[in-house]
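Asker: Could you work out the structure for the sequence below:
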Amino acid sequence: MLRKLFLLVVLTAISIGVFSQSLLYKVTGDKTEHPVYIYGTIHALPQADFFVDAAVTEKFAETNMLVLEVDMSSPTMALEVQTAMMMKDNSIDKLITPEEYQRLGKFFADSLQMPIEILKQIKPLMLSSFLIQKVVGAQAASYEGYFMQEAMTQQKPMGGLETVGEQIGYMDLIPLEKQTQMLMESIDDFNKSKTEFKMLVEIYKSRDAEKVYKVMMESSEEFKQFGEFLIDKRNENWIPKIVELGNAQVTFVAVGCGHLGGEKGVLNLLRKEGFSVEMVE
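Answerer: Just a heads-up that it's a prediction; the model follows:
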């Protein structure tokens with residue numbers, strides 16, 4: 001189902017009101033000279049559901065640098081993505097049956113107005129990212145885009161915790177056959193997946209990072225199976241980089257909310273390193 005695929009590609013009924021929870025955390029400790037603020041995002045959601053709390057705006061203004069999962073301000077990013085997302089000596093029509101390929105092509109033509117022929121060398125998991133616009137809708141919002149715009153307005157430098165090659169490299173650890181199976185499931189059960197995505201957005205709006213992580217782990221066997229390198233290993237690699245950022249300047253770090261919660265989440269790993277991690281309400 002698309003929920004499985006969407007959680008792997010992007011990330012994560014409760015109404016918005018007064019919350020004791022927050023997606024923003026302040027990290028301080030003896031190992032860093034400056035505080036680091038860490039914010040949990042959802043990479044895409046409908047514009048009507050987009051929110052930024054006043055505390056987030058205030059703390060962002062106090063920081064000197066914005067850091068995302070990858071440096072989206074890099075002038076070479078588009079080329080890096082284009083290179084990393086392509087299969088070498090393979091194509092989607094070789095990974096599925098002719099009947100499945102016809103079904104996939106019809107979905108892309110009818111729903112996305114895109115011919116599958118020009119996309120068939122894209123890795124299945126990356127190909128699924130094209131479906132996000134169909135799930136989210138025409139009026140989509142991006143936290144990464146919002147923070148980048150604010151950083152440019154406030155003339156803050158930007159950076160990334162990993163390169164595009166490193167990020168897609170973790171996805172490459174999922175066998176192509178499994179990626180293809182998940183892609184076809186997302187096509188065949190699309191309407192149900194849209195409903196599940198709406199539920200995920202509502203959970204995100206609760207501003208509870210632990211709840212988002214728990215739902216992700218419980219809702220997808222694929223997430224449990226591949227979470228070790230899609231989430232856990234990346235979190236582990238980010239910790240020394242976050243410490244380095246805190247030694248340089250006051251930094252605002254924005255990453256997918258699914259990276260924050262859990263025993264091996266960024267917040268708990270920082271606590272294990274002796275840092276104080278405080279929720280900013």
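
Asker: mind listing the helices in the stretch 101-250 of the chain by residue range?
Answerer: All helices of the stretch 101-250 of the chain, identified by DSSP state H, counting those that start in this stretch, fall at 124-127, 132-136, 143-153, 164-171, 176-188, 190-205, 209-219, 221-227, 233-248.

Asker: Given the host helix or strand of Tyr39, what are its sheet partners and their directions?
Answerer: Taking DSSP states H and E as the definition, Tyr39 sits inside strand 36-41. If you go by DSSP bridges, strand 36-41 pairs up with strand 24-28 (antiparallel), strand 251-256 (parallel).

Asker: what's the next helix-or-strand element following that strand in contact with?
Answerer: The helix or strand immediately downstream of strand 36-41 is strand 45-46, counting by DSSP H and E. Applying Cβ atoms under 8 Å, 6 or more residues apart in numbering, the contact partners of strand 45-46 are 136-137, 139-141, 201, 204. Every C-beta, even on glycine, is put in place using the N, C-alpha and C of the backbone.

Asker: Of these, which pair is most distant in space?
Answerer: Of all pairs drawn from the contacts of strand 45-46, the greatest distance, 17.0 Å, lies between Gln139 and Tyr204 (Cβ to Cβ).

Asker: which one of those two has more residues nearby?
Answerer: Tyr204 (25 against 9; other Cβ atoms under 10 Å).

Asker: ok, that one touching Leu260?
Answerer: No - the pair Tyr204 / Leu260 is not scored as a contact, 11.6 Å apart, by Cβ atoms under 8 Å.

Asker: Need the nearest residue in space to Ala55, chain neighbours excluded.
Answerer: Val280 (5.3 Å; Cβ to Cβ, 6 or more residues apart in numbering).

Asker: Sorry, slip of the keys, the one I care about is Lys134.
Answerer: Here the nearest residue to Lys134 in space, its sequence neighbours aside, is Ser111; by Cβ to Cβ, 6+ apart that works out to 5.4 Å.

Asker: Likewise for Tyr101?
Answerer: Using Cβ to Cβ, 6+ apart and skipping the chain neighbours, the partner closest in space to Tyr101 is Asp93 (4.8 Å).

Asker: Mind listing the residues bridging to the closest residue to Glu69 other than its chain neighbours?
Answerer: Closest residue to Glu69 apart from its sequence neighbours, by Cβ to Cβ, 6+ apart: Val255 at 5.3 Å. In this entry, Val255 is beta-bridged to Gly40, by DSSP bridges.

Asker: Against Lys214, how distant is Val136?
Answerer: Taking Cβ to Cβ, to the nearest Å as the measure, Val136 and Lys214 are separated by 23 Å.

Asker: Quick check on the two: which one has the bigger neighbour count.
Answerer: Val136 (22 against 14).

Asker: what's the closest non-adjacent residue to the more buried one?
Answerer: With sequence-adjacent residues excluded and distances taken as Cβ to Cβ, 6+ apart, Val136 is closest to Ala44, at 5.0 Å.

Asker: circling back: the strand holding Tyr39 vs helix 143-153, what angle?
Answerer: Taking axes from the mean of the first three to the mean of the last three Cα atoms, to 10 degrees, strand 36-41 and helix 143-153 form an angle of 140 degrees between their directions.

Asker: what's next to strand 36-41, contact-wise?
Answerer: 11, 23-28, 56, 59-60, 63, 143-144, 209, 212, 242, 245-246, 250-260, 266-267, 280.

Asker: Helix 190-205 and that one, what's the angle between them?
Answerer: 150 degrees.

Asker: orientation of strand 36-41 relative to helix 233-248 in degrees?
Answerer: Strand 36-41 runs at 140 degrees relative to helix 233-248, counting by the same axes, to 10 degrees.
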